[in-house]
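> Mind folding the following:
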Amino acid sequence: QVQLVESGGGLVQAGGSLRLACAASGRTFRRDAMAWFRQAPGKEREFVAGISGTGGVTYYADSVKGRFTISRDNAKNTVYLQMNSLNVEDTAVHYCAARAGSAWWWSKTVNEVDYWGQGTQVTVSS
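Below you'll find the predicted structure:
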């Protein structure tokens, strides 16, 4: 059974930092694209950051460019999201996502995702 388990969420003040981690089990994703999405109350789930299978290509939403960094450790089957300069607009449940059988993200929408984590809450206070 494939599982993506997120950790690292929490409450932080504006301007602070958090590091999310997503550990995969039940299947190796070392050749598959992985990503982070987020969903705020009353809003659709949106793409935040993605990374190709080898880690050589990264993708970012305009709203997080220059503040967030996605990385992966294929030996640990884990993907990370370093979030700096957080603001209240970053408050959301953050989800780990993975593709199966594709090293790339194309549309960067929920339609491309084959596996989801359960989500971790990130709350930024002003």
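
> And the strands in the protein, which stretches?
Secondary structure of the chain by DSSP state E: the strands cover 3-7, 10-13, 18-25, 34-39, 46-51, 58-60, 68-73, 78-83, 92-98, 115-116, 120-125.

> packing partners for the third one?
Just to be clear, that refers to strand 18-25. Strand 18-25 sits against strand 3-7, strand 34-39, strand 78-83, strand 92-98, strand 120-125, with contacts defined as 3 or more C-beta pairs under 8 Å, 6 or more residues apart in numbering; DSSP states H and E. Every C-beta, even on glycine, is put in place using the N, C-alpha and C of the backbone.

> So in that sheet, which strands flank the last one, and in what orientation?
Yep, that's strand 120-125 we're talking about. According to DSSP bridges, strand 120-125 forms sheet pairs with strand 10-13 (parallel), strand 92-98 (antiparallel).

> pull the CA atoms of that strand into PDB?
Listed next in PDB are the C-alpha coordinates belonging to strand 120-125 (Å, rounded to 0.1, in the frame of the first residue of the first chain):
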ATOM      1  CA  THR A 120      -0.300  19.000   7.200                       C
ATOM      2  CA  GLN A 121      -1.600  22.300   8.400                       C
ATOM      3  CA  VAL A 122       0.500  25.400   8.100                       C
ATOM      4  CA  THR A 123      -0.800  28.500   9.900                       C
ATOM      5  CA  VAL A 124       1.000  31.800   9.700                       C
ATOM      6  CA  SER A 125       0.000  34.500  12.200                       C
END
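
> Fine by me, thanks again.
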